[in-house]
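Asks: Just the structure for this:
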Amino acid sequence: MEVKQTTENGKPVSIVAIGAGNRTNKYLEYIRNHPDLVQLVGVIELNDIRRQHVAERFGLEASQCYVDYHAFFEAPKQADAVMVCTPEDMHFEPTMLAIRAGYHVLLEKPIAQTLEECTQIAQAARDQGVLVSVCHVLRYHPYFMKVKELVNSGGLGEIISINHRTSVGVDRTAHGFVRGIWRKEAVTNPMLMSKCCHDIDFLLWLTETPCRKLTSFGSLRWFKAKNASEGSAERCIDCKVETQCPFSAIDLYKVRRDWISNFDVPQGKTIDDVIDVQLQEGLYGRCVYHCDNDVVDHQIVSMEMENEVTINFSMDIFTLQDNRETHISLTEGEIDGDETRLRVRRFRGGTEEVYDFSDIAHTPFHAGADLNIVADFVNAIREGRDDLVTSIERSVESHRICFEAERSRKEMRTILFG
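Replies: As a prediction, this is how the structure comes out:
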């Protein structure tokens, strides 16, 4: 694909942020640190607090700030690119509007809510000659890049099978997928897509071959009313058994003060005021057994690839861990790791190599991967190239697997790819 040249040689790439939540602010850190390469020239955000925060941080004028992205796209083209980090059910429309207006797009995953929408975005990007980079963070993460390097080196032979586990963790799940914004498929996506399309993308990246067939199992097993303890209440502050509950909102937010960084604090209020409001009347004060969630709380996907490699993927939330573990069996050795420690063992001679990533584990910006995503996107625009690490074309395939896995789970059958 020939990429349209949208910025003059030597000038910084200009970009507008659509959405100003957590993910946007991670990516904006690269822009803040590299004003010679890229500059933020606008923000579009419904939330007054978030919009104002970005405007103040980057010195944006009122004319550069929008509440509605429709108004933005009705105006003449104002930048080289846009960053779409809206809620998942609002990815498709602004992305399509941006492409048709000639903007390059940095798109937070998932791409959209249906495979048809994903393929439409990919086709539109090809037709318009613009870049769409999907934020699959694992391809830019030092640990996962090392795994890929070891596999590609050929020193361990060919892959036979992969076992990969994502531990989402009870706190993250209770916050985001039971009480929070990712709790309902219709509003965002199935949990496999919302949380684990990164993992599926990583597995396809390792094998570099299409999937031949797959099957998936899983359900919403635990977080529903019939499993509530006697004495439970609609809200944790009214619950008689709250002090014994491992999913207590009071314990999570007020005592341990976890998962509160994205609570918006209005002017004149404190974070404690916001926590109290949430506990009394907000989404995040509800009992996990009395929410309106419908996404799964455990799921497995098994795949057979066209080159006969088999893959088992497991998404587990009933764990204190919040990491990914991978075991790769190859013809001349094996690789296993947990994001902190990566071990390589060779069959001949029994040699063992260990790579230690403990110094970057749990560091900000996914160990710099968030910043690397933006760097790749910006450099591709500046250089007029289309070889993005996480191009829309590559990302559609991982999304296809996720959508088909959901079909397998719901229809209780094996999916065959033609």
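Asks: And the lowest mean pLDDT element among the helices and strands of this protein?
Replies: The helix or strand of the chain with the poorest confidence is helix 364-367; it has a mean of 93 (mean pLDDT, DSSP states H and E).
Asks: Run through who's touching that one.
Replies: By C-beta atoms under 8 Å, 6 or more residues apart in numbering, the surrounding residues in contact with helix 364-367 are 26, 29, 137, 140, 141, 142, 143, 357, 360, 361, 371. No exception for glycine: its C-beta is placed from N, CA and C like everyone else's.
Asks: Tell me how many other residues crowd the fifth one.
Replies: Counted with other C-beta atoms under 10 Å, the burial measure for residue 141 works out to 24 neighbours.
Asks: excluding its backbone neighbours, what's nearest it?
Replies: residue 369 (4.0 Å; C-beta to C-beta, 6 or more residues apart in numbering).
Asks: Now distance to residue 289 and pLDDT too, for the contacts of helix 364-367, in TSV please.
Replies: As requested, those are exported to TSV (distance: C-beta to C-beta, whole Å; pLDDT from 0 to 100):
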residue	distance to residue 289	pLDDT
26	32	95
29	38	96
137	32	95
140	38	97
141	35	97
142	40	97
143	36	98
357	37	97
360	37	94
361	33	89
371	39	96
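Asks: In ChimeraX, how would I select the buried members of the residues you listed?
Replies: Listed next is the ChimeraX selection for buried residues among the contacts of helix 364-367, using 16 or more other C-beta atoms under 10 Å:
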select :26,137,140,141,143,357,360,371
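Asks: Next step: the contacts of helix 364-367 restricted to helices.
Replies: Among these, the members found in helices (DSSP state H) are 26, 29, 142, 143, 371.
Asks: Let me see the contact set for the first one.
Replies: If I follow you right, that is residue 26. So, once contact is read as C-beta under 8 Å, 6+ apart, residue 26 ends up touching 365, 370.
Asks: May I have stretch 239-255 as CSV, with CA atoms only?
Replies: Written as CSV, here are the backbone C-alpha positions of stretch 239-255 (Å, rounded to 0.1, in the frame of the first residue of the first chain):
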residue,chain,number,x,y,z
CYS,A,239,-23.7,-5.9,53.4
LYS,A,240,-23.6,-8.0,56.6
VAL,A,241,-20.9,-10.3,55.3
GLU,A,242,-18.7,-7.6,53.7
THR,A,243,-15.8,-8.1,56.1
GLN,A,244,-15.4,-11.7,55.0
CYS,A,245,-16.0,-11.2,51.2
PRO,A,246,-12.8,-11.4,49.0
PHE,A,247,-14.5,-9.1,46.5
SER,A,248,-15.5,-6.2,48.8
ALA,A,249,-15.5,-2.8,47.2
ILE,A,250,-14.8,-1.2,50.6
ASP,A,251,-11.7,-3.2,51.0
LEU,A,252,-10.6,-2.7,47.3
TYR,A,253,-11.1,1.0,47.0
LYS,A,254,-11.2,2.5,50.5
VAL,A,255,-8.8,0.2,52.5
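Asks: ok so, going back, of the contacts of helix 364-367, which pair is most distant in space?
Replies: Considering C-beta to C-beta, no two members of those lie farther apart than 29 and 357, which are separated by 20.9 Å.
Asks: can you give me the end-to-end distance of stretch 317-326?
Replies: Looking at stretch 317-326, the gap from its leading to its trailing residue is 16 Å under the measure C-alpha to C-alpha, to the nearest Å.
Asks: What residues of that stretch count as buried?
Replies: Within stretch 317-326, the residues that qualify as buried are 317, 322, 323, 324, 325, 326, counting by 16+ other C-beta under 10 Å.
Asks: Cross those against strands and list the overlap.
Replies: Among the buried residues of stretch 317-326, the members falling in strands are 323, 324, 325, 326 (criterion: DSSP state E).
Asks: Can I get those in a markdown table including pLDDT and distance to residue 308?
Replies: Rendered in a markdown table, the data for those read as follows (pLDDT from 0 to 100; distance: C-beta to C-beta, whole Å):
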| residue | pLDDT | distance to residue 308 |
| --- | --- | --- |
| 323 | 95 | 29 |
| 324 | 97 | 24 |
| 325 | 98 | 23 |
| 326 | 98 | 19 |
